[in-house]
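J.: Quick one, what's the 3D model for this:
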Amino acid sequence: MKKNNKIFLLLLAGGIFFFISTVKSVYAVEISVGASYTDFELSGKAKYKGTKIDIEKDLAVGGNKSAGGILRIDSERHHLTLEFTSVEFGGSKSISEEFKFNDKTYTVNAQIDSKLEYDILEIQCHYDLLDLENEMLGFSLAPLFKVAVYDAALKIKSSTLGYDETYSEILPLPTVGLLTQLNFTKYLNFSAQVNGIEYEGNSYFEYRALLEIKPMEGFSIGVGHKGVNMDYSDGDDLLDMDIEGLFAQAVLSYKF
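T.: Residues are numbered from 1 along each chain as shown. As a prediction, the model looks like this:
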C-alpha cells in the first residue's frame, strides 16, 4: 500500500473515532452497514499521449454491473457515510478508425479488448440544518461535504498489434452540495442530493435519488438513480466520463 494511502486511512479512522466520540457524549448513535448493487452505463472521452478517444464508440466499452459496501453513522442531526464500490466496464471490437494511445498507434482492423475500471471511496458528512418532523411526515434539508477518491485506469490491449497499454489516475475530489429528505411515516423515505466542484477547467458533479423502505426495525432496502459527470485534464491528457444508472441497497442498523 502506498504511503499516502496509509496516511489517508489513518486520518479517516481518526475522523470516524472523533465523530463517534463527539456525538456519543450528547446523542444516541446509530451505526448501519450494508451492501449495494449498481447497473451503470458509461460514455465519455479519454486522451493519453495520443489522440482523443471516444470510450463508447472507439472502444465499444459498455454497461456494467458491480457491488459495493456502505457504512453509515447517524446521531440526531449529524450524519457520516462511507461507501466503497469497485467498477469495471469492458468491451471488444475491431478498430474502424485509427487512433494513438500512450505513443502507440492502433491501426484500422486491429482487434482490441478495452477496460475502464475504477475503485471509488466516498466519504460524506452532512448536518440537518432544517429538520421538521411529526408522526406522518418529515422533511430535512442539509448542506453536505463529500470527498470521492477515484483510482481509475483505462486499459487497451491488442493481440493483433502486441500492445497492452494503460492510463491511470488517482483523483481525490472534494465537493459541496445539498441533501434533502422526505419521510412518509417511519416505513418510507425519499432522499435526493446534488454536489460538485469546478476548478481550473476541471469539474465533477454528481446527483442521486433514493427511495428507501423500512419493513422492520433495523433493516431497510432501497432503489435509486445516480449520475456522475467528470471532466478532468492534465496537460494534453484527459479523462471525461458520464456515468449514470440504477443502484439498489440493503442496510442493517443498530442504535447504541
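
J.: and the gap between the residue nearest in space to the middle of the chain and Asp54?
T.: Closest residue to the average C-alpha location of the chain: Ile120 at 5.5 Å, with CA atoms, centre = their mean. Distance check for Ile120 against Asp54: by CB to CB, to the nearest Å, it reads 23 Å. Placement of C-beta: from N, CA and C, glycine included.

J.: any idea of the mean pLDDT in the one helix or strand Leu71 maps to?
T.: Assigned by DSSP states H and E, Leu71 belongs to strand 64-75. In this model, strand 64-75 carries a mean pLDDT of 89.

J.: And for stretch 244-256?
T.: Per-residue scores along stretch 244-256 average to 93.

J.: Please apply the same query to stretch 160-173.
T.: 93.

J.: With only the CA atoms kept, save that stretch in PDB.
T.: Extracted C-alpha coordinates of stretch 160-173, given in PDB (Å, rounded to 0.1, in the frame of the first residue of the first chain):
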ATOM      1  CA  THR A 160      -3.100  -8.200 -33.300                       C
ATOM      2  CA  LEU A 161      -0.500  -5.500 -32.600                       C
ATOM      3  CA  GLY A 162       1.100  -6.800 -29.500                       C
ATOM      4  CA  TYR A 163       0.100  -3.700 -27.400                       C
ATOM      5  CA  ASP A 164      -1.100  -3.700 -23.800                       C
ATOM      6  CA  GLU A 165      -1.200   0.000 -22.600                       C
ATOM      7  CA  THR A 166      -2.700   1.600 -19.500                       C
ATOM      8  CA  TYR A 167      -3.600   5.200 -18.500                       C
ATOM      9  CA  SER A 168      -4.200   5.500 -14.700                       C
ATOM     10  CA  GLU A 169      -5.100   8.300 -12.400                       C
ATOM     11  CA  ILE A 170      -5.800   8.700  -8.600                       C
ATOM     12  CA  LEU A 171      -8.200  11.600  -8.200                       C
ATOM     13  CA  PRO A 172      -9.400  12.900  -4.800                       C
ATOM     14  CA  LEU A 173     -12.400  15.100  -5.500                       C
END
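
J.: tell me which residues in that stretch are buried?
T.: Neighbour-count burial for stretch 160-173, counted by 16 or more other CB atoms under 10 Å, picks out Tyr163, Glu165, Tyr167, Leu171, Leu173.
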